[in-house]
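Undergrad: This is a predicted model, with the sequence first.
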There are 4 protein chains.
Amino acid sequence: MRCAGVHRLEAQAPDDVSAIAALIEAGRLAPGSIVAIFGKTEGNGCVNDFTRAFAVSALRALLSRHLPLAEVDRVALVMSGGTEGALSPHWLVFTSDPAPGGGESPALAIGRARTRALLPEEIGTPAQSAEVARGVAAAMADAGITGPDAVHYVQVKCPLLTPERIAQADARGAATATRDTLKSMALSRGASALGAAIALGEVPGDAEPGDPALYCTRCGASAGVELEDHEIVVMGLSDSWSGPLLIDHAVMSDSIDTEPVRAALARLGLDAPGQLAPAQRARLLAVMAKAEAAASGRVRGARHVMLSDSDISHTRHARAFVGGALASLVGFTDLFVSGGAEHQGPDGGGPVALIARRS
Amino acid sequence: MRCAGVHRLEAQAPDDVSAIAALIEAGRLAPGSIVAIFGKTEGNGCVNDFTRAFAVSALRALLSRHLPLAEVDRVALVMSGGTEGALSPHWLVFTSDPAPGGGESPALAIGRARTRALLPEEIGTPAQSAEVARGVAAAMADAGITGPDAVHYVQVKCPLLTPERIAQADARGAATATRDTLKSMALSRGASALGAAIALGEVPGDAEPGDPALYCTRCGASAGVELEDHEIVVMGLSDSWSGPLLIDHAVMSDSIDTEPVRAALARLGLDAPGQLAPAQRARLLAVMAKAEAAASGRVRGARHVMLSDSDISHTRHARAFVGGALASLVGFTDLFVSGGAEHQGPDGGGPVALIARRS
Amino acid sequence: MRCAGVHRLEAQAPDDVSAIAALIEAGRLAPGSIVAIFGKTEGNGCVNDFTRAFAVSALRALLSRHLPLAEVDRVALVMSGGTEGALSPHWLVFTSDPAPGGGESPALAIGRARTRALLPEEIGTPAQSAEVARGVAAAMADAGITGPDAVHYVQVKCPLLTPERIAQADARGAATATRDTLKSMALSRGASALGAAIALGEVPGDAEPGDPALYCTRCGASAGVELEDHEIVVMGLSDSWSGPLLIDHAVMSDSIDTEPVRAALARLGLDAPGQLAPAQRARLLAVMAKAEAAASGRVRGARHVMLSDSDISHTRHARAFVGGALASLVGFTDLFVSGGAEHQGPDGGGPVALIARRS
Amino acid sequence: MRCAGVHRLEAQAPDDVSAIAALIEAGRLAPGSIVAIFGKTEGNGCVNDFTRAFAVSALRALLSRHLPLAEVDRVALVMSGGTEGALSPHWLVFTSDPAPGGGESPALAIGRARTRALLPEEIGTPAQSAEVARGVAAAMADAGITGPDAVHYVQVKCPLLTPERIAQADARGAATATRDTLKSMALSRGASALGAAIALGEVPGDAEPGDPALYCTRCGASAGVELEDHEIVVMGLSDSWSGPLLIDHAVMSDSIDTEPVRAALARLGLDAPGQLAPAQRARLLAVMAKAEAAASGRVRGARHVMLSDSDISHTRHARAFVGGALASLVGFTDLFVSGGAEHQGPDGGGPVALIARRS
């Protein structure tokens, strides 16, 4: 039996890992127990966001002071850029330890996997979806999660195209799915999410990226210039894990559809008329959500301008707005809200995963 | 007895007044009844936001087809730029007509006033606050509102500094409060709001801009390059008005403090555990709110990056985020959320006014 | 015989037409002589740039005070957004009058044409190129320019896709070339420029958009949300025109290839070792150029970041940089530099047209 | 006798130090010879530009593989963010070695110094100028430069204010010069440059920041969130140095005043009518320049919009534009152009330093 833990810690800068270091020094966090670290960094969350890579380098430097390189490499480091609005840069440190006796089960289970590096021309194609589907299955096995229904969240960190990578493909006479680097982030997220949907049996195995009606209800995909393969983390409930933590999820149908999230909170024992009370907030350890601008250009009939704004990327608009919608519900702002929900929930909406301590 | 009306109408572009024109042509809106038009336009809401002036020119062109110039000039046109996130560009058309018999009273009352043009060097100073205080008193009288307690919202549109206006002051050897044009918007909003607070007896008459502990609980100030004086509109409840509309207000203490707004909705008969139900939304005609980035750099202890982001103005961040927080509460996105709440509510928070139809 | 004139006038804001009005009032500009007005406005030059439409509305209001509507409609109004760096917002007013005797010939000749409105799904396709090719031929005839070699500049203002226009096509089951509104500006400029190249015999009549090796050496295309058809203005030399003005052009092969422009200046009698001397600047009436980020991601082997910057559109980067390169040559900053040179000159470069007074 | 060397190397990303590593591995660069590394990184060059700190961490990691920590600490690492337009991210590696016999003298001389850490409230004040003046004198001594006239360039990397640092001052009841983090960069650059001017005898020792008529003709100051003290590097000509490298400088009086730079190139034996020929470019090893938006809002009488643009910082506009102006002169784009020239050259202009190999 294993027991999962989650620490939500603040970051003063993309490379500020002092809160994690302090926990380690205080003996409250064993470096060897860390299975994954998610980071919400304060860059633009788009192509030229180097805060993700900077964070990864700082995290690896910290872990290297405590672990052999091979173990450092086993820790899944998933950075998502963009803390627009009042969203707060933070770390989510996920741990796995042997379970002490008497813990409740099933409990939060975590597994991970990596795929092979993608060729630039594979980004946004069924080949990428197939790779991710294989990776999600491997991560489920690693987590000891026996069936798709027990999966509540799949985090995929995927690659994107840069002018250099496009040039590499050109040199081989291979055509990339787009020459627009920002667009490539969307295509990569979409193909990755479709791969998760295939693995979870939500869409047919031969589903191809493109149709917004095909989506995963439990996947958050985030693209980053700092990797060429996929970093996959699966979270759910498993009888081979025990302990105080639970996970559940909801699907928002549009940018302001927070009622399903309220219902999921209630299922976790966090029932509230309006915003969570302070005592309830303390029990909610992690909120992981996807946000995007509806391709329809409208939310409940009212026009939004996110897709015609050439000054601010629509992913930045969406993170800020959905971040506000969720923060008004839970009462705090260090939420892991990631932008661009292609094939992640319905058009304009997105999945939300919640990890809470049992009451 | 007068009776106030409010129409919330969509805008497809800053100069798209077709929805207002259609209402006029359908005989459902008498041009002569219009006392004020608020517009949420899709520019950056900052210094070089020409969507406000473009909207004003389109509105004046429309009104000029129906009213003599003198009457067109009497309509208060208050444009606020910035529909970040999923906020939706829209018009709020306020009307005043002779009240039919039998209407309930007190009811929503609306009054307006303009001040003299400010000199560039007066922007952000006590001289500006004094001008606005006089204007608010005049607008209250115009509305037939007898005491400050009956005032629920004061909208002030104020001027800002441009390189040209700073040069004018320089030419006279006069020093402006700042040479930073974006900063001048904040100083102008702050001095204007302090003026409203003086008029409402919330701060001493000799209060000077600067101390964030001094603020107005019922004022929204918005700066625009398109005017040099102040356009003031006061809304509240008055026995000399009757009809179906009510107004109330709340003060958010930070960017996610939506519970006071929920309480205000309940006072208006719009009680809901979570998001307003569709039938309730239909009764909520206007939401007017201020949003800002807390100068402390934190929201409930968690760091925000709005004030250190050199790519996106903190006012844009704040509108998107607070817009999301309020939209998740009311269930629609065409909200008049304006950025920069200096002396408008406490640091990081802001006033919210709500106009609803009686149940 | 006709005689062309050019006035370069400053704009204090997108709707500031006072410099044009002053010239008219002074009797130095006959409204009836105006054939075209180009405007460099201070918006972002991208999709949500409303400064172009605001400028058009102000220009039409001014012209309507002096001309019947039919004549106002005949004036070509070509607005290009974006005055990045030290580029200066300005108007270029082109006039045509009966030539007084004794003027030198050939001289600057100007002609114009409009095309039918494009369907959203035609943007970026050969159908658009064909429409523009027809329009350029018509404008050449209107200018009395007998052969392609005598054409030195073709200005095309073309439409773009907005979420609303994409939705219109969707509603008819028609597929647009892209769903990315910013991208649609590039596709529209490219197909338009290819149309000009067809009309000038620079590429085969069946050339299709896409291959960067196919381009026009004398075309500047600019997309704007304010029109649905094409506004075309052709400039060159014609024996049926006489007077003091000449036009020539150059093609920059990359963002810093200013030597061909120096050579063109010399051909116009403006020979200078470095920057033009004040007396020479006075003779240079208009500089119209295209700027773009090289798709290769490099300029003379050195990497540029314009295509991977998600904060600032590459067209804004390119206008600022090429604007600086040209201004350092000519010695003034009110240059009509337009961004996005797809099929306008080689990849990363662009055409530059120069209008000068004979020495 | 010492001999200075300069390597200009490309960076594929802020942390890409592979070109430097390759030179070391090839035995063409001795790590112990490195006295300073300047980096032009691709961030926004403003407050939340983490590419500078990311570059510093990558450079220190590289140097640490070859040098003891004490020696790594002695290398001046000066990062300047912002490669707008076609400016290219690159490294300038400065070396000092014992001079082989027979080298020409005087030659390029390099010295460096650091100051104590500044208190937040000292930024932008005479206290900062005094610290920098002391540091420049120390760096001159380190370089063996005997008099101010032999100094051609002073690079100062200075600190800035962040919300956290402002809060530190607040906690001590100390008032910072501004609460606007972006503005603090300008104040810090200005006070630093004034310090250099004091050290070079260009202004009185008691000069206070503010008056634009007081400036340094040979200083480039750049602010960065990654340091709290000042990193100072002085370059000039000294008889105690010999070898193939020379340095000279020019002062641009506005954003397009490139003629003085052309004259400086000629003094270095790089005389050209227009753009430098390929052979000449190869001899020009480094171009270090400052760019800024004229506070007057005009360049040679024509309005610029850099100071009223709330979407793009004026420093980004200025770097792109002046970068283009200089690149059109020298024929390449990896120029060390830094934004914000407060007290560095006259208002709207700035110093330009040039390092070339003797013909």
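TA: Yep, it's here. Numbering: from 1, shown residues only, chains lettered A, B, ... in the order given.
Undergrad: where do the strands sit along the stretch 251-359 of chain A?
TA: In the stretch 251-359 of chain A, the segments counted as strands under DSSP state E, counting those that start in this stretch are A:284-291, A:298-299, A:302-303, A:336-339, A:350-357.
Undergrad: Report whether the second one contacts chain B.
TA: Yes: under the criterion of C-beta under 8 Å from any C-beta of the partner chain, strand A:298-299 makes contact with chain B via residue A:299. For the C-beta atoms, the positions are set from N, CA and C on the backbone; glycine is no exception.
Undergrad: can you list the residues of the stretch 101-250 of chain A near chain C?
TA: Counting by C-beta under 8 Å from any C-beta, the residues of the stretch 101-250 of chain A near chain C are A:162-164, A:166-167, A:179-183.
Undergrad: Report pLDDT for the residue of the stretch 51-200 of chain A found nearest chain B.
TA: Using C-beta to the nearest C-beta, the single residue of the stretch 51-200 of chain A nearest to chain B is residue A:85, 2.7 Å away. Each residue has a pLDDT score; the one for residue A:85 is 98.
Undergrad: need the contact list for it.
TA: A:319-321, A:323-324, B:85, B:255, B:304, B:306, B:317-318, B:320-322, B:324 (C-beta atoms under 8 Å, 6 or more residues apart in numbering or on different chains).
Undergrad: Which ones among these lie within helices?
TA: A:319-321, A:323-324, B:317-318, B:320-322, B:324 (DSSP state H).
Undergrad: Most neighbours among those residues, which one is it?
TA: Within the ones in helices among the contacts of residue A:85, most neighbours by other C-beta atoms under 10 Å in any protein chain shown means residue B:322, with 39 neighbours.
Undergrad: can you give me the strands in the stretch 1-150 of chain A?
TA: All strands of the stretch 1-150 of chain A, identified by DSSP E, counting those that start in this stretch, fall at A:2-10, A:34-41, A:76-81, A:90-98, A:107-114.
Undergrad: Just put those strands in a markdown table and tack on mean neighbour count.
TA: Output for those, formatted as a markdown table (neighbours: other C-beta atoms under 10 Å in any protein chain shown):
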| stretch | mean neighbour count |
| --- | --- |
| strand A:2-10 | 20 |
| strand A:34-41 | 25 |
| strand A:76-81 | 26 |
| strand A:90-98 | 20 |
| strand A:107-114 | 25 |
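Undergrad: neighbours around residue A:175, how many?
TA: So residue A:175, with other C-beta under 10 Å, has 12 neighbours.
Undergrad: and it, that's in a strand?
TA: No: the assignment for residue A:175, made by DSSP: H, G, I helix; E, B strand; the rest coil, is coil rather than a strand.
Undergrad: Just want the phi and psi numbers for it.
TA: The phi/psi pair for residue A:175 (degrees, to the nearest 10) reads phi -100, psi 130.
Undergrad: got the contact list for it?
TA: Counted by C-beta under 8 Å, 6+ apart, residue A:175 has contacts A:121, A:169.
Undergrad: mind checking how far it is from chain C?
TA: To chain C, residue A:175 is 12 Å away according to C-beta to the nearest C-beta, to the nearest Å.
Undergrad: Just the pLDDT at the closest residue to residue A:212 other than its chain neighbours, thanks.
TA: Using C-beta to C-beta, 6 or more residues apart in numbering or on different chains and skipping residues adjacent in sequence, the residue nearest residue A:212 is residue A:347, 4.4 Å away. Residue A:347 is assigned 96 on the pLDDT scale.
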